[in-house]
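Enquirer: Generate a structure from the sequence data that follows.
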Amino acid sequence: MPKSIPLAALLALVQLGALAQDAPPQAPTGTLNLDEVVVTATPEARPKMRQSLSVSSMSSDQIQDSGATSTAEILRSIPGVRAEASSGEGNANVTVRGVPISAGGSRYVQFQEDGLPVLLFGDFNFLTPDMLIRADYGTDGLEVVRGGSASTLATNAAGGVINFLSKTGETEGGTVGVTTNLGGGRSRRVDFAYATRLSETTGFQISGFLRNGEGLRETQGATLEKGGQVRMAISKDFGGGNSAKLFLKFLDDQTPTNLPVPVRIVNGKIQEVRGVDPREFSPYDSKLPKIGNYGLHGGRAADINDGLRSKSLALGGEVNLNLGGGWTLNDKFRLSRNSGEFNGILPNSYGAAGNNPATNSPTSYDALYLGARFNDASLAVNDLKASRAFKFGEGQTLTTTAGLFLASQKLDLDWEIGGFESSLPVNSNTSYGPYSSFYKRNLDLSYESVAPYLAVGFESGPWNLDASVRKDRQRVTGSFEDNGGGSPGSQGVDYRSTLNSYSLGVNYRLNKDLALFGRYSRGGALQSDRILFPSGAALAVCGNSCFKGIDVEPNRVKQLEGGVKYRQGNFSTFITLFQAKTDESNFDLTTGVSSANKFDAKGVEVESGWRLGNFRLNGSITYTDAEVVESNNAAYVGKAPNRQAKVIFQLAPSYQAGPVMVGASVVGTTKSRDAQTTALETELPAYTYVNAFARYELTPSTTVSLTANNLFDKIGYTESNTDRAAARSINGRTVSLSLRHSF
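Expert: Below you'll find the model as predicted:
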């Protein structure tokens with residue numbers, strides 16, 4: 001199968017070209033919305049059919065029907081996006097076709113709300129941007145740009161941009177919904193939204209949710225889900241191309257942290273430990289002890305049952321001005337005060353020898369606690385750009401855009417890592433026992449970023465050409481300290497980084513229903529806090545000045561992509577051939593290993609949609625052939641990157657018959673390998689799981705829905721651990737019932 005997919009894609013291109021010559025003209029009613037205008041990470045707002053990009057979108061209804069239980073799981077419905085959605089409502093690992101996940105987070109993908117990042121970096125230790133995003137009834141949809149001009153129109157986004165869009169009161173009315181779990185963990189959630197027109201030119205939107213319960217897994221009486229979100233938006237159209245929007249968000253939400261659970265690794269295969277179901281296991285309990293003397297500087301005790309705590313107060317806005325003479329001005333700003341906590345437990349010593357084959361039970365004794373307190377992760381960001389369109393004749397337009405991106409990211413973070421003298425799992429008859437602190441760390445850093453950029457686009461008849469450049473300059477100041485062996489105490493930080501990026505794209509429309517596109521780009525990602533782990537030898541030389549007065553090299557990504565967009569009647573397809581070369585350095589806190597690797601990935605991505613009457617089918621498949629071509633670990637060279645599957649796919653059929661609508665989302669991946677070159681190297685088996693929904697309109701304004709996530713209760717391992725026999729799976733089957741009323 002793997003070797004045949006690229007050839008099949010090429011044959012498909014030839015066949016589609018033949019169809020374009022023979023097919024009679026039909027109305028463009030395909031399901032991929034190729035006439036939809038894209039505004040995310042593009043030099044100009046143009047329809048998908050005229051963009052030299054791989055771009056996908058989901059509407060608010062599609063998000064609701066997907067059955068997804070977290071932000072990361074929503075992304076599993078997007079072609080080419082690799083989302084390891086097994087950690088709960090945050091701490092997910094996300095990347096885009098062929099660009100690696102080396103340790104965690106989303107280093108090369110930027111998460112945005114309404115066109116601006118929620119965090120400047122996607123791979124802070126413990127803190128990831130999906131922790132700060134919640135979809136609710138006020139979400140208008142999302143746009144995902146993979147590769148392309150994301151390298152030059154956003155910072156740390158060479159892999160792509162994921163942009164969640166907010167409703168701003170265009171459509172009047174309100175909605176209230178109540179959702180409850182049926183089985184699994186006890187959970188209740190209330191959603192609401194209301195929109196009204198304050199005048200003919202002014203819209204107002206408010207939305208949010210409140211929830212309370214255990215979560216998707218039983219937590220032995222502990223309340224792990226509690227909190228919610230409120231969002232407001234006001235839009236004003238002043239006429240003549242002048243408009244403004246204002247956004248306000250308050251998020252205070254607590255959810256479980258799902259970390260790897262005990263397993264056995266036997267001959268490179270994962271086996272379950274008796275009493276531990278990786279789909280349902282939860283280490284939480286109402287009797288869990290608190291962690292006292294937290295961090296290097298003390299402070300309040302940590303409650304393990306706080307799980308993931310996300311708090312954000314954000315104010316943002318957008319202004320569009322028509323300056324006359326063909327000039328337009330767009331300015332976006334966002335001020336956010338972010339904070340929270342990470343609390344999780346995983347097995348610490350479950351090695352191959354730490355399991356008794358005779359009883360298939362763990363015999364080692366301690367549970368590892370990972371804790372982090374985000375005292376301040378505030379972000380202030382502004383993106384200002386001026387554009388002008390020059391008309392040269394019939395159908396010829398040159399558009400120039402000059403922009404300036406400014407950002408100030410704070411990171412005040414305390415770590416607490418330790419262990420309990422007890423084994424996992426625990427139950428009402430066991431105790432975690434005494435706690436010992438292993439490692440404490442504090443970071444107090446400021447990241448100041450300036451990035452001017454320039455984009456030029458030219459349109460002439462069927463041709464669209466664009467080129468863009470960006471220069472990211474960053475200064476990092478502050479300090480960090482830990483109680484690790486050989487540490488000289490508090491170390492000052494004052495270093496700089498520079499990243500030059502560019503992108504070139506072309507799109508050619510053979511006719512209104514067939515277009516070819518190609519693009520080359522070079523970008524990357526600046527280093528986050530993961531770089532601040534000097535080796536013992538380096539400490540001996542530089543003491544407490546290892547990161548003062550130096551230039552730090554960024555991680556770099558080069559991408560080549562090309563493909564075709566085609567539609568005929570009710571069928572649409574988007575096929576992209578790609579190559580991505582990545583050069584990066586990294587540090588994995590769970591293993592204490594520093595790495596320097598170069599990767600080369602090639603593949604093909606196919607997204608298609610078809611509609612027949614009331615039946616609709618969307619699907620995608622991404623084939624990736626990736627290899628480590630250089631590494632500081634010679635044994636890693638020649639292997640596929642850890643957790644990189646050859647094929648990921650999704651299929652989403654739905655059917656509506658009068659007041660009834662049913663549908664499903666089938667998500668799958670082929671096998672991969674993890675913890676390679678270590679004693680616990682293992683295979684992550686292929687898996688496919690199904691989310692399904694059924695919706696019935698009781699009245700034109702009232703709907704009842706039944707949604708099943710992982711309907712057939714499949715185990716799907718997304719990662720294993722290099723140092724301990726532990727692995728993380730997707731959640732088991734969860735079923736929820738919702739009642740929704742619109743007015």
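
Enquirer: what sits against Ala657?
Expert: Going by C-beta atoms under 8 Å, 6 or more residues apart in numbering, Ala657 touches Asn614. All C-beta atoms are positioned from the backbone trio N, CA, C, and that covers glycine.

Enquirer: give me phi/psi at it?
Expert: Note on Ala657: its backbone torsions stand at phi -130, psi 100 [degrees, to the nearest 10].

Enquirer: Relative to Gly663, how far out is it?
Expert: Taking C-beta to C-beta, to the nearest Å as the measure, Ala657 falls 12 Å from Gly663.

Enquirer: Likewise for Thr722?
Expert: 39 Å.

Enquirer: likewise Gly716?
Expert: Gly716 sits 21 Å away from Gly663, going by C-beta to C-beta.

Enquirer: Equivalent analysis for Leu335, please.
Expert: As defined by C-beta to C-beta, Leu335 lies at a distance of 39 Å from Gly663.

Enquirer: For these two, indicate the residue with more neighbours.
Expert: Set side by side, Leu335 and Gly663 show more neighbours around Gly663, with 22 against 15, by other C-beta atoms under 10 Å.

Enquirer: Show me what Pro262 bridges to in the sheet.
Expert: Listed by DSSP bridges, the beta-bridge partners for Pro262 are Ala726.

Enquirer: sec struct for Asp61, please.
Expert: helix (DSSP: H, G, I helix; E, B strand; the rest coil).

Enquirer: residues contacting it?
Expert: By C-beta under 8 Å, 6+ apart, the contact set of Asp61 is empty.

Enquirer: my guess is Phe649 contacts Thr622, does it?
Expert: Yes - between Phe649 and Thr622 there is a contact under C-beta atoms under 8 Å: 7.2 Å.

Enquirer: The two - which one has more neighbours?
Expert: Thr622 (27 against 18).

Enquirer: List the buried residues in stretch 699-713.
Expert: Neighbour-count burial for stretch 699-713 flags 703, 705, 707-711 (criterion: 16 or more other C-beta atoms under 10 Å).

Enquirer: got it, and stretch 36-54?
Expert: For stretch 36-54, burial by neighbour count (16+ other C-beta under 10 Å) applies to 38, 40-44, 46, 48-54.

Enquirer: what's the helix or strand that contains Asp252 packed up against?
Expert: Using DSSP states H and E, Asp252 maps to strand 242-255. Applying 3 or more C-beta pairs under 8 Å, 6 or more residues apart in numbering; DSSP states H and E, one finds that strand 242-255 contacts strand 225-239, strand 308-324.

Enquirer: Which residue, other than its chain neighbours, is closest to the residue positioned nearest the centre of the chain?
Expert: Nearest residue to the geometric centre of the chain (C-alpha atoms, centre = their mean): Val94, 4.6 Å. Nearest non-adjacent residue to Val94, counting by C-beta to C-beta, 6 or more residues apart in numbering: Ser106, 4.1 Å away.

Enquirer: From Ser497, how far off is that neighbour?
Expert: To Ser497, Ser106 is 19 Å away according to C-beta to C-beta.

Enquirer: same check, this time on Val176
Expert: 48 Å.

Enquirer: ok, those two, which is more surrounded?
Expert: Ser497 (19 against 15).

Enquirer: and the gap between that one and Asn156?
Expert: 11 Å.

Enquirer: Which residues are in contact with each of the two?
Expert: With C-beta under 8 Å, 6+ apart as the test, Ser497 and Asn156 both reach Leu526.

Enquirer: number of nearby residues for Ser738?
Expert: 18.

Enquirer: which of the residues in the helix or strand harbouring it are buried?
Expert: Using DSSP H and E, Ser738 sits in strand 734-742. For strand 734-742, the neighbour count (16+ other C-beta under 10 Å) marks 734-736, 738, 740 as buried.

Enquirer: How about stretch 258-273?
Expert: 258-265, 270, 272-273.

Enquirer: thinking again about what came up before, who wins for proximity to Asn691 among the helices and strands packed on strand 242-255?
Expert: Closest to Asn691 of these, according to C-beta to C-beta: strand 225-239, at 19.5 Å.

Enquirer: Tell me which strands the closest one pairs with, and in which orientation.
Expert: Sheet pairing for strand 225-239, using DSSP bridges, gives strand 202-213 (antiparallel), strand 242-255 (antiparallel).

Enquirer: Relative to Arg695, tell me which of those strands wins on proximity.
Expert: Per C-beta to C-beta, nearest to Arg695 of the strands paired with strand 225-239: strand 202-213, 19.0 Å.

Enquirer: Buried residues in that closest one, which are they?
Expert: If you call a residue buried by 16+ other C-beta under 10 Å, then strand 202-213 has these buried ones: 202-209, 211-213.

Enquirer: tally of neighbours for the closest residue to Gly208 other than its chain neighbours?
Expert: In space, and not counting its chain neighbours, Gly208 is closest to Val230: 3.9 Å by C-beta to C-beta, 6+ apart. Each residue near Val230 was counted by other C-beta under 10 Å, and the total is 17.

Enquirer: hang on, the earlier thing: got TSV for the buried residues of strand 734-742, with distance to Tyr194 too?
Expert: Compiled in TSV, the buried residues of strand 734-742 are given as follows (distance: C-beta to C-beta, whole Å):
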residue	distance to Tyr194
Thr734	29
Val735	29
Ser736	23
Ser738	18
Arg740	14
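
Enquirer: Give me the below-cutoff pLDDT ranges for the stretch 351-500 of the chain.
Expert: Scanning the stretch 351-500 of the chain for pLDDT under 70 picks out 351-365, 423-431, 485-488.
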